[in-house]
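*Asks:* Okay, here's the prediction I keep looking at, along with the sequence it came from:
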Amino acid sequence: AQSVTQLDSQVPVFEEAPVELRCNYSSSVSVYLFWYVQYPNQGLQLLLKYLSGSTLVKGINGFEAEFNKSQTSFHLRKPSVHISDTAEYFCAVNLNDYKLSFGAGTTVTVRA
Amino acid sequence: EAGVAQSPRYKIIEKRQSVAFWCNPISGHATLYWYQQILGQGPKLLIQFQNNGVVDDSQLPKDRFSAERLKGVDSTLKIQPAKLEDSAVYLCASSSSDTSNTEAFFGQGTRLTVV
C-alpha cells in the first residue's frame, strides 16, 4: 500500500521569502513522485516530477524538489515567492499500478 | 493544444436527485481518470479508463456512481441518487499513456453541492 503525507496544511509566507512544503510517502517499492499546484477555481497543474536520475528536480515557476529515498521524502522548495504563488499544492505518488495517489494538500498564502 | 474540458462547472441538486458530469479529454489521450476532491482533502481516484475499458474502479461507490467512456473518447460520470456527502469537486484528467511516469492533465472540475 502507498500513502502520501503532507506535513503542513497551511503555510503563510511573506513575499520574497523562501518556502518549503514537506511531503513524505510510504512505499516499499520504487515510486514516481509529482507536485501539482491548484490555483483558485482552476484544475491541477503539474509543477515537477521525479522519475529517476538526479534527486534534485527543477520545475516551472522557480520551484524545485529533492527526492530523498532514505527519508522517503519529496519536499518542494522555492527560494523567493511571489503573490501569484498563492495556491494549494499537492504531492502525489504513483507506483507501477498507474494510480496517482494525492496528499491532502498544503495551502500557501503569500502576503506582501 | 486544447485542454481537458469538463461541464458543467457548477451544479446544485437536492439529495436523492441524479446528476451527470461530462468530460472531453485531450485529443489522442488513451487514459482518462475521474477524481473526487472533497473540501480540505486531496483528490481521490474514482475510476480509471484505458481507451473504453475500465482499469480501476475499486474506489467507485458502485451502488450510486457509474461512469462510461463510449468509443474511448469522452466520458460521463453519473450519481444516482446523490447524498449530502457527495458534495465535492469532480475532476477529470487524461494522459497519453497508461505508464506511471506520464503526466496527467486535469480539467477545471465540476463543483457539486448537494443540499
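*Replies:* All right, it came through fine.

*Asks:* contacts and neighbour counts: CA atoms only from here.
*Replies:* OK.

*Asks:* And stretch B:58-72, end to end?
*Replies:* Distance between the two ends of stretch B:58-72: 20 Å, counting by Cα to Cα, to the nearest Å.

*Asks:* And the strands in the chain?
*Replies:* Since no chain was named, I'll use chain A. All strands of chain A, identified by DSSP state E, fall at A:3-6, A:10-14, A:19-21, A:23-26, A:32-38, A:44-50, A:56-58, A:64-68, A:73-78, A:87-94, A:100-102, A:106-111.

*Asks:* Chain B, not that one
*Replies:* Taking DSSP E to define them, one finds strands in chain B at B:5-7, B:10-13, B:19-24, B:31-37, B:44-50, B:53-56, B:65-68, B:75-79, B:88-95, B:105-106, B:110-114.

*Asks:* Least confident secondary structure element in chain A?
*Replies:* One helix or strand of chain A scores below all others by mean pLDDT, DSSP states H and E: strand A:100-102, with a mean of 87.

*Asks:* mind listing what it pairs with, with the direction of each?
*Replies:* When pairs are called by DSSP bridges, strand A:100-102 turns out to pair with strand A:87-94 (antiparallel).

*Asks:* Read off the pLDDT value for residue 72.
*Replies:* Since no chain was named, I'll use chain A. A:Thr72 is assigned a predicted lDDT (pLDDT) of 92.

*Asks:* The chain in question should be chain B.
*Replies:* 84.

*Asks:* show me what contacts it?
*Replies:* B:Gly72 sits next to B:Ala30, B:Gln50, B:Asn51, B:Asn52, B:Gly53 when contact means Cα atoms under 8 Å, 6 or more residues apart in numbering or on different chains.

*Asks:* Quick check: the gap between it and B:Ala5.
*Replies:* Distance of B:Gly72 to B:Ala5, computed by Cα to Cα: 15 Å.

*Asks:* how about the residues of chain A near chain B?
*Replies:* Neighbours of chain B within chain A, by Cα under 8 Å from any Cα of the partner chain: A:32, A:41-46, A:51, A:90, A:94-105.

*Asks:* Only the buried members of these: can you turn that into a PyMOL selection?
*Replies:* Entered in PyMOL, the line below selects the buried ones among those, by 16 or more other Cα atoms under 10 Å in any protein chain shown:
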select buried, chain A and resi 32+43+44+45+46+51+90+94+95+98+99+100+101+102+103+104+105
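
*Asks:* does the most centrally placed residue in chain A have beta-bridge partners, and which?
*Replies:* Centroid check for chain A by Cα atoms, centre = their mean gives A:Trp35 as the closest residue, at 3.7 Å. Under DSSP bridges, the beta-bridge partners of A:Trp35 are A:Leu48, A:Cys91.

*Asks:* B:Ile47 too?
*Replies:* Beta-bridge partners of B:Ile47, counted by DSSP bridges, are B:Trp34.

*Asks:* Report pLDDT for it.
*Replies:* pLDDT, B:Ile47: 95.

*Asks:* what about it, how many neighbours?
*Replies:* Using other Cα atoms under 10 Å in any protein chain shown, the number of residues around B:Ile47 comes to 23.

*Asks:* ok, it - contacts?
*Replies:* By Cα under 8 Å, 6+ apart, the contact set of B:Ile47 is B:Tyr33, B:Trp34, B:Tyr35, B:Val54, B:Val55, B:Asp56, B:Asp57, B:Ser58, B:Gln59, B:Leu60, B:Ala67.

*Asks:* Which one of those is nearest to B:Ala93?
*Replies:* Closest approach to B:Ala93 among the contacts of B:Ile47 (Cα to Cα): B:Tyr33, at 5.0 Å.
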